[in-house]
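> Sharing a model that was predicted from the sequence below.
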Amino acid sequence: MALYGAIEAGGTKFVCAIGDAQLNIIETITIPTTTPEETMVKVQSFFDKYEILTIGIGSFGPIDINKESKTYGFITSTPKTAWKNFDFVGTLKAYYDVPIAFTTDVNASLYGEYKAGIAKNVDSAVYYTIGTGIGGGAMLKGRFVEGLSHPEMGHMNISLHKDDQFEGSCPYHQNCLEGMASGPAIEKRVGTEGKFIQEDDEVWDIIAYYIAQAAFNTTLLLSPELIILGGGVMHQHHLLDKIRDQFVEINNSYINLPPIDQYIAEPSLEDKQGIIGCLALAKEEHK
């Protein structure tokens, strides 16, 4: 049986998996994201048990995806200092002489939904991961939208809510989406994690306003058929309806769109979309 390796590399944990050509997950393991030295030894130990044909990686970033670059395959200017300028692909290549697909973690999640989930029947879609950080990925007809590098949608500037006095948590930009609506931004603003905040707390209206702005900006720029909102913050399921309502208000009937509950949706693969996307990318590396 053909076996493929997958790594969903997040800021807090690595999920590694072995899968088959039908994208079935055969075995998986979760490894804390500590330092490259500690984490990668555990990754290697997991994959050493199998004869794998290829590996697909979806990584936190920023990362270098330009295959002509000297630092292709690197995690670059991440705030996780231990991983800054880490040669992710090169390190794996030293362990395994197999083809390796390398993209962002949010692209991998989008690809999982495109291959096996809610985006299967559309030609264009955008996926946002709203969690420890915020990232966005876009696809058009099966290809990721990329240029000089991958998009950094999580750092788009947003207009401040009239009732929000929070100054933001991003060290680079005062009022970007990540700095105002990520999990750490919510915790810094309120003083506790989102999962402990009541559903009727006004902070959720503020967060919904920021995410709705991002979705509307995305609609203006890319006109996707579907916007998917994933990540830990979106596990507050009451938030989705608030975002949809704010989006409708911001749009003000300007753009004719599908029904809002179809246009802005949650992921459909029970938090496996990232690892399934990595497996799909690994499979496609097998020529």
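On my side now, so go ahead.
> Next, find the distance separating the most centrally placed residue in the chain from S253.
Nearest to the geometric centre of the chain sits V106, at 2.4 Å (CA atoms, centre = their mean). To S253, V106 is 30 Å away according to CB to CB, to the nearest Å. C-beta coordinates here come from the backbone N, C-alpha and C atoms, glycine included.
> Quick check: the residue nearest to the centre of the chain touching A138?
No: counting by CB atoms under 8 Å, V106 stays clear of A138, with 9.6 Å between them.
> so what sits against both of these two?
Y127 (CB atoms under 8 Å, 6 or more residues apart in numbering).
> how about I130, what does it touch?
Applying CB under 8 Å, 6+ apart, the residues contacting I130 are A181, S182, G183, I211, L229, G230, G231, G232, V233, M234.
> now with 10 Å?
106, 136, 154, 177-178, 181-183, 186, 207, 210-211, 214, 229-236, 239, 243 (CB atoms under 10 Å, 6 or more residues apart in numbering).
> so what does whichever helix in the chain runs longest touch, helix or strand wise?
Counting by DSSP state H, the longest helix found in the chain is helix 203-222. Here helix 203-222 touches strand 124-130, strand 134-140, helix 177-181, helix 183-190, strand 227-230, helix 238-251, strand 264-265, going by 3 or more CB pairs under 10 Å, 6 or more residues apart in numbering; DSSP states H and E.
> Make a markdown table out of those and add distance to D48 and mean pLDDT.
Shown next, in a markdown table, are those (distance: least, CB to CB, whole Å; pLDDT from 0 to 100):
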| stretch | distance to D48 | mean pLDDT |
| --- | --- | --- |
| strand 124-130 | 30 | 97 |
| strand 134-140 | 30 | 96 |
| helix 177-181 | 36 | 97 |
| helix 183-190 | 34 | 96 |
| strand 227-230 | 31 | 98 |
| helix 238-251 | 41 | 98 |
| strand 264-265 | 38 | 98 |
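> So for Q22, which of the ones you listed sits nearest?
The minimum distance between Q22 and the helices and strands packed on helix 203-222 falls on strand 134-140, with 21.3 Å, by CB to CB.
> quick one: buried residues of that closest one?
Burial within strand 134-140, assessed by neighbour count using 16 or more other CB atoms under 10 Å, is assigned to I134, G135, G136, G137, A138, M139.
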